[in-house]
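Undergrad: output the structure for:
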Amino acid sequence: MSMDTVKNPRFPDIAFINDPSPILDKISDDLVASGFEVLFYSKNFKEAFSQLSVMDRLPKICIIGLNFNSERVLTDLQELKSQYPDIRLIAHSDIDAKRTVTSLLAIGIDGYLLIGSDVKDFKKAISGVLNNKKYFSAGVSEIVRGFFGKQSRL
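TA: This next block holds a predicted model:
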């Protein structure tokens, strides 16, 4: 095996499912420069499901930047979580509305980063979710605490 085919095992394979976004493009470039391998980029769930269905090696994490106010996106996200339960999901958006955040939490999202998060935040989120932790931007932390507090009282 040549050295070109050896992958750094410290960095997980990732994928992006997002609307065209110069912000996520820059984050992706920075992650790749840091040693992460991006297995695919998709602009929507239909394309992502098509790519995932033929892959030999699945990404450990999908970073998703879509309009989470859309019911179809939430349904597709739930389907992704159901069909590929081992893939960790990190959402990226500018939406900090309680309804949207709690919908994502109910689906089982592993992390949620608000617009303004930088590559360091993404690396922290990736590291956290790979270690079975959740990672959320400070801007949604009260909503997250409330959601998980209600679950623990059930």
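
Undergrad: excluding its backbone neighbours, what's nearest the residue positioned nearest the centre of the chain?
TA: Among the residues of the chain, the one closest to the centroid is I90, at 2.1 Å (CA atoms, centre = their mean). With CB to CB, 6 or more residues apart in numbering as the criterion, I90 has its nearest non-adjacent residue at 3.9 Å, and that residue is G111. Every residue, glycine included, has its C-beta placed from N, CA and C.

Undergrad: quick revisit: so which strand or helix has the residue nearest to the centre of the chain?
TA: strand 88-93 (DSSP states H and E).

Undergrad: how about the residue nearest to the centre of the chain, what does it touch?
TA: Applying CB atoms under 8 Å, 6 or more residues apart in numbering to I90 gives the contacts 61-64, 109-113, 122, 125-126, 129, 135.

Undergrad: all strands for the protein, in order.
TA: Counting by DSSP state E, the chain has strands at residues 13-18, 37-42, 61-65, 88-93, 111-114, 135-136.

Undergrad: quick one: strands adjacent to the shortest one?
TA: When you say that, I think you mean strand 135-136. strand 111-114 (parallel) (DSSP bridges).

Undergrad: so which residues make contact with the partner strand?
TA: Against strand 111-114 from outside (CB under 8 Å, 6+ apart): 88-94, 96, 101, 104, 121-122, 125, 128-129, 134-137, 139-140, 144.
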